[in-house]
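# Here is a sequence with its predicted model. Questions after.
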Amino acid sequence: MSIRKSSKWLHTALWGVQALLSVTLVWAAYMKLFQTPEALSAMWPWTGQVPPLLVKCTGVIDLLAGLGLMLPGLLNIRPALTFFAAAGVVLLMVCAMVFHLSRGESPAFNMVFAALGAFVAWGRQEGAASLC
């Protein structure tokens, strides 16, 4: 009985974390892709100090990651791909940590999101091996 409850709890926790990551990444993508550079740099100063193409590229990556965390499971089309999206989030956050550390900024936000992405990758790794 406790295995069944634990499994249900884990499944629910994974979906909750996936939703949190997904909503945050899609929101960040929207901001990076559709806000004016002035409005964006007021919120995230680094966006005004790097080439606009880099900001747009990170927006596209954020969007793909956010969709990849939710759509495979929701649509039941290759749900094992969620593992790869979560692993990609970890990689994205590690790159963001390096970027922010190189600028003397705090990587705390990225560390938390990397940990959440690692939790999702760990929890969704079961079916991923069959895709390789």
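Sure, I can see it.
# which residue packs closest to the residue nearest the centre of the chain, ignoring adjacent ones?
Nearest residue to the geometric centre of the chain (Cα atoms, centre = their mean): Val89, 4.1 Å. Spatial nearest neighbour of Val89, excluding adjacent residues (Cβ to Cβ, 6 or more residues apart in numbering): Gly117 at 3.5 Å. Just so you know, the C-beta spots here come from the backbone N, C-alpha and C atoms, and that holds for glycine as well.
# ok now do the one you found, which residues does it touch?
Gly117 makes contact with 21, 86-87, 89-90, 93 under the criterion Cβ atoms under 8 Å, 6 or more residues apart in numbering.
# on that earlier part again, tell me who's in contact with the residue nearest to the centre of the chain.
21, 25, 65, 69, 113-114, 116-117, 120-121.
# ok, now with 7 Å
Neighbouring residues of Val89 by Cβ atoms under 7 Å, 6 or more residues apart in numbering: 21, 65, 113, 117.
# Give me the buried positions along the helix ranked longest in the chain.
In the chain, taking DSSP state H as the definition, the longest helix is helix 2-34. Going by neighbour count (16 or more other Cβ atoms under 10 Å), the buried part of helix 2-34 is 14-15, 17-18, 21-22, 24-26, 28-29, 31-32.
# cool, and stretch 86-100?
For stretch 86-100, by 16+ other Cβ under 10 Å, it's 86-90, 92-93, 96-97, 99-100.
# average model confidence for that stretch?
Averaging pLDDT along stretch 86-100 gives 97.
# Dump it to PDB, restricted to CA.
What follows is stretch 86-100 as a C-alpha-only set of coordinates in PDB (Å, rounded to 0.1, in the frame of the first residue of the first chain):
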ATOM      1  CA  ALA A  86      14.200  18.200 -18.100                       C
ATOM      2  CA  ALA A  87      17.800  17.300 -18.700                       C
ATOM      3  CA  GLY A  88      18.000  20.200 -21.200                       C
ATOM      4  CA  VAL A  89      16.600  22.500 -18.500                       C
ATOM      5  CA  VAL A  90      19.500  21.400 -16.200                       C
ATOM      6  CA  LEU A  91      22.000  22.100 -18.900                       C
ATOM      7  CA  LEU A  92      20.400  25.500 -19.700                       C
ATOM      8  CA  MET A  93      20.500  26.500 -16.000                       C
ATOM      9  CA  VAL A  94      24.200  25.400 -15.700                       C
ATOM     10  CA  CYS A  95      25.000  27.600 -18.700                       C
ATOM     11  CA  ALA A  96      23.000  30.500 -17.100                       C
ATOM     12  CA  MET A  97      24.900  30.000 -13.800                       C
ATOM     13  CA  VAL A  98      28.200  30.300 -15.600                       C
ATOM     14  CA  PHE A  99      27.000  33.400 -17.500                       C
ATOM     15  CA  HIS A 100      25.700  35.100 -14.400                       C
END
